[in-house]
Every structure is written in C-alpha cells, then in structure tokens.
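Trainee: Pasting the sequence and the predicted coordinates here, then a few questions.
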Amino acid sequence: GLAKEIVKVTAESFNVAVLRSLLVLEGDKKKFGTLKLFQEFLGKYDAVILGSDQIWNGRIMGEDLSIFLGERIPDEVKKLSYAASFGDCQPQGEELTRMINAVNRFTAIGVREESAMELLAGKTRIEPKLTIDPTLLIEAEDYRKVSTPSHPAEPYLYAYSLIYVEEFYQKVKAVAKQLGLKVIYTPLSQYTSYQMPKGITYGVSPDQFVDLIANANCVVTDSFHGTAVTLLHGKSLVSISHAKNRQHSRHGLVLSKLGCEERLCGLDVSVEKMAELLTTPMSDEVAKRLKALREDSSSWLKKAVEE
C-alpha cells in the first residue's frame, strides 16, 4: 500500500527494511517472538531505515526505544534514520549520551524538526539532515491508488480530529452551515471526556481517510497527518493547533515551510475567519514548495541508502 509507494524512493538495488512501531513496512508479515528471530530477520537486509515520527521519544517508546536507536539491529546491517523525531521529549544526561552514542553508529541521520537538529547539533559525527515527513514523499496520485470510495455524493466539509472535542465540532458545524456543506466528521479515537453526538464515526480506515480528504470541498483538522494529506491534495484547509506556541507545533512548521502559515489557527478562531480560509484556494506556490522539499528529501534518502 502506501508504505510500498514510499519505499520506492530508495535505491532499487538495495534490500531495504523500514521500521516503525515494530512494523516492517517493506511487506514481510513475519512476526517476531524473540529478539533472536527479530535480529535474524533483519540480517537479510542491506539497510534498515528507522523512522519516522516520535521514535526517539523515550516516554512514548518505552523499551522499544532500543530498537529505534538501532541497538538491537545486527552490526553488519547499515542503519539510518528518516524524519525521526524526539517529539516534546528533551533527553538530558545519561539518556542523551545513550542516544548520541547510538545515532553515531548510523551512516545517515534524517530528522523531521528543527528542534531535533538543535538537540543533535555538534554532538554527532555526521551532520543531521532535516527531512519532510514520509507522508509527503509521495504524491496525491499514489494515495488515490490505495483509497476506497467512501465519500457522499453531495458537497461536504471533512473534519478530522485526534479526539472528539465539543468546541471543535461546534465550530465545524457552524462554518459548514455558513458554506452550505454537509459535515463528515471522524475523530480518530473514541476516548474523550465529552459525550459524542449520534451519527459521528470514529476510526475510519486509512483508505477511507484518503478518499474523504481527496473528495472534500475543504478540510478542518487538528491532526498533523490530516494536514499533510490535505496539503498533498491541494484542498482548502484550516489546521487547528491546541499548542500554546502554535508556530512551533508540527502543523505550524510544515505550513510555514510551504508558505501557508495563515492556515494555522487556534480553537478560538472565528467561524467567519474559518469560512474565509476554506473558500480561498490554496496557492500554486504551496505545491511548488512541496515538490522542491520532496525532491530534496528523496534525493538525500536515495544517496543515504546507496552510500
């Protein structure tokens, strides 16, 4: 599926595994019952790409951190990271020393955020590379190949959030009414302190998620990946950040890189402002900048695998 499309950016002459959350995205479904089986499995690869997202956030990864630092990968297998992130974790002391020692065994270090660049600056034997999230490495057409028709026939606004938030939902309903659009709202998780209204579906599948964005008139989301896939499809967007410093959130950073930071809003944004943004087409410059970033990151990744 999408993972195979992303893997295409690596050199075809190499046998490459991409590790994320204990899933080998290259396609092998073999399960690992022991560390030995895991190491034997990886031993058949020329290189292992570790990433992306918050694989170096110790609070999230727990014991799996050792895998994503490459500590359990056989020494003879080349290790590199792509769009790796520390998230909001700021390792210090022994934890930071351990991480630096681990990534110094990598042949290439790709990180997703400026904060990771700053954390590693001057501490690693090779200079890290700032790379875009892998969801942006492929184009909208690649996503459509794996989507499943799930959208309604009538024009609609698609809203996607990580959890159901009443204020978010009410804003979405109000702006959709103003624009004369149906609302399709799918929170990722059912775990919320609010009582979800009837008719809201949570947890759509990835193929449905892509289809709902691709065919929407416009999108409102508080999700980084919702923002990323919407940008790929060139849809008018309002990206909601709940962070105090919105500009330094994951949403804010990617929108700033693409020159459309005005699309980043807090939950206090007015319905009128949302309507204005959602009826304003995305600038052609956004697609041009995204193409340049994609080519830069893809080129770096191919070179990193081949060397």
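Mentor: Great, that's in hand. Numbers count the residues shown, from 1 in each chain.
Trainee: Which residues does stretch 80-89 contact?
Mentor: Contact with stretch 80-89 is made by 18, 47-60, 68, 103, 106-113, 115-116, 119, 131-134, 297, 301, 304-305, as judged by Cβ atoms under 8 Å, 6 or more residues apart in numbering. In short, each C-beta sits where N, CA and C put it, glycine included.
Trainee: Looking at those residues, which are in strands?
Mentor: Among those, the residues falling in strands (DSSP state E) are 18, 47, 48, 49, 50, 108, 109, 110, 111.
Trainee: now the second one: how far from residue 74?
Mentor: Spelled out, it's residue 47. Residue 47 sits 12 Å away from residue 74, going by Cβ to Cβ, to the nearest Å.
Trainee: Then the fourth one?
Mentor: Taking Cβ to Cβ as the measure, residue 49 falls 15 Å from residue 74.
Trainee: picking that back up, give me the more crowded residue out of residue 47 and residue 74.
Mentor: Taking other Cβ atoms under 10 Å, residue 47 and residue 74 do not tie; residue 47 has more neighbours (22 against 16).
Trainee: For the nearest residue to the more buried one once chain neighbours are set aside, give me its contacts.
Mentor: Counting by Cβ to Cβ, 6 or more residues apart in numbering, the nearest residue to residue 47 once its immediate chain neighbours are dropped is residue 78, at 4.1 Å. Residue 78 makes contact with 46, 47, 48, 107, 305, according to Cβ under 8 Å, 6+ apart.
Trainee: Can you read off the pLDDT for the second one?
Mentor: Listed pLDDT for residue 47 reads 89.
Trainee: returning to that earlier point: buried ones only from the contacts of residue 78, please, as a PyMOL command.
Mentor: The PyMOL command for the buried members of the contacts of residue 78 (criterion: 16 or more other Cβ atoms under 10 Å) is given here:
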select buried, resi 47+48+305
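Trainee: could the contacts of residue 78 go into TSV alongside distance to residue 92?
Mentor: Below are the contacts of residue 78 laid out as TSV (distance: Cβ to Cβ, whole Å):
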residue	distance to residue 92
46	35
47	30
48	27
107	26
305	32
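Trainee: closest to residue 260 among the contacts of residue 78?
Mentor: Set against residue 260, the nearest of those by Cβ to Cβ is residue 305 (31.1 Å).
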